[in-house]
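> the following block contains a protein sequence and its predicted model.
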Amino acid sequence: MNTEKTKEGIRVVYRSRDAGRFMFLASLMVIVGMVGIWLALDTDVSFKMVIGIFVCSLGILFFGFALFTFMTLLFSKNKVLMTVTHEGIINRKGEVVPFQQMRVLSTDWHTRSSTGMVFKQLSILKSDQTWEAISFYNIVSEKVIVQVVEQYIIPNVADDCKVAWEHRVLSSIS
């Protein structure tokens with residue numbers, strides 16, 4: 001399980017095994033992209049070569065960005081991705097999002113930040129109409145995140161946030 005109960009609250013952490021698996025797969029994809037470009041450059045100039053170079057370049061950019069972002073997480077030595085306290089949610093930077101400010105909660109990919117396009121995040125719309133995003137870097141199961149949200153966050157938020165969460169969860173099931 002990726003959760004720990006402490007005096008401060010519930011902490012969502014990543015496991016080293018999951019981090020190693022992600023690092024291996026992202027590195028492998030970058031290497032495959034490089035080999036693909038090398039093979040494409042070794043063929044005659046054609047439409048397939050241009051498409052091959054283009055696709056491999058996109059793969060290198062996408063997985064290279066994911067790998068770089070993930071490496072910054074690993075080098076920080078802090079395995080805690082989020083803490084749920086009696087006040088609200090504390091992100092990796094130590095910033096608190098109080099329960100009473102939360103209006104919409106969702107787990108999704110989004111275009112509000114570059115990491116939101118690569119990694120699924122817990123997105124929080126606050127009462128001042130700004131978004132807070134907590135990334136789990138695809139190494140914590142969405143089931144764990146949904147369980148933490150439903151068990152520890154939803155009971156403490158306003159009714160409109162509860163309704164919005166239930167609507168999003170029910171619409172994602174059907």
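Alright, I've got the coordinates. Small disclaimer: the values here were computed from a predicted structure and weren't measured.

> least confident secondary structure element in the chain?
Confidence across the helices and strands of the chain bottoms out at helix 114-118, with a mean of 77, counting by mean pLDDT, DSSP states H and E.

> in it, which residues are buried?
Within helix 114-118, the residues that count as buried by 16 or more other Cβ atoms under 10 Å are 115, 116, 118. Every C-beta, even on glycine, is put in place using the N, C-alpha and C of the backbone.

> now render those residues as CSV, adding distance to residue 78.
Formatted as CSV, these follow (distance: Cβ to Cβ, whole Å):
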residue, distance to residue 78
115, 16
116, 20
118, 20
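
> out of these, who's nearest residue 130?
For the buried residues of helix 114-118, the residue nearest residue 130 by Cβ to Cβ is residue 116; the value is 14.2 Å.

> give me the neighbour count for the residue nearest to that closest one when sequence neighbours are not counted.
Once flanking residues are discounted, residue 116 sits nearest to residue 110: 4.2 Å by Cβ to Cβ, 6 or more residues apart in numbering. The local packing of residue 110 (other Cβ atoms under 10 Å) involves 14 other residues.

> check contacts around residue 110.
116, 117, 121, 123, 133 (Cβ atoms under 8 Å, 6 or more residues apart in numbering).

> same check on residue 107?
120, 121, 122, 123, 142, 145, 146, 149.

> neighbours of the last one, how many?
The tally of other residues near residue 149 (other Cβ under 10 Å) stands at 19.

> my read is that it contacts residue 165, right?
Yes: the criterion here is Cβ atoms under 8 Å, and residue 149 meets it with residue 165 at 7.1 Å.

> okay, and the common contacts of the two?
By Cβ under 8 Å, 6+ apart, the residues touching both residue 149 and residue 165 are residue 105.

> report all helices and strands that the strand or helix carrying residue 63 contacts.
Element membership for residue 63, per DSSP states H and E: helix 47-75. If contacts are counted by 3 or more Cβ pairs under 8 Å, 6 or more residues apart in numbering; DSSP states H and E, helix 47-75 sits against helix 16-41, helix 114-118.

> to what extent is residue 15 buried, counted in neighbours?
Residues lying near residue 15 (other Cβ under 10 Å) number 13.
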